[in-house]
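1. sequence-free structure coming up:
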């Protein structure tokens, strides 16, 4: 086989790789359940035990945005919104705990 044939095979294989990688990313953002999307994206870098805690909505937003910046996370802006919403529902602090209650003392 000539070098030209090897070059064509390499380009063909690389094209298939790029196509499958981009189609996987689009399919996840559009068609997956929030829990499945969370598990798929977040388990790429660490175990899912990391979320074994409760955070406020703002806390989860900050964490997910931080993880989104990691190179191999594969978390898009749409994925981040879905994952944050899922984490707030599943592991978010109740409203009473996330915002401190203001006590009004009667004046005498």
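-> Arrived safely. Keep in mind it's a predicted model, so treat the numbers as computed, not measured.

2. show the average pLDDT along stretch 36-56.
-> Here stretch 36-56 scores 88 as its mean pLDDT.

3. who's in contact with that stretch?
-> Here stretch 36-56 makes contact (Cβ atoms under 8 Å, 6 or more residues apart in numbering) with 28-29, 32, 63, 67, 70, 72-75, 79, 82-83, 86-87, 91-93, 97-98. The C-beta positions use only the backbone N, C-alpha and C, and glycine is treated the same way.

4. next, the buried residues of that stretch.
-> For stretch 36-56, burial by neighbour count (16 or more other Cβ atoms under 10 Å) applies to 37, 38, 40, 41, 42, 51, 55, 56.

5. straight-line length of that stretch, end to end?
-> End-to-end distance for stretch 36-56, by Cα to Cα, to the nearest Å: 21 Å.

6. check the offset of it from the chain's centre.
-> Chain-centre distance of stretch 36-56: 8 Å, with Cα atoms, centre = their mean, to the nearest Å.
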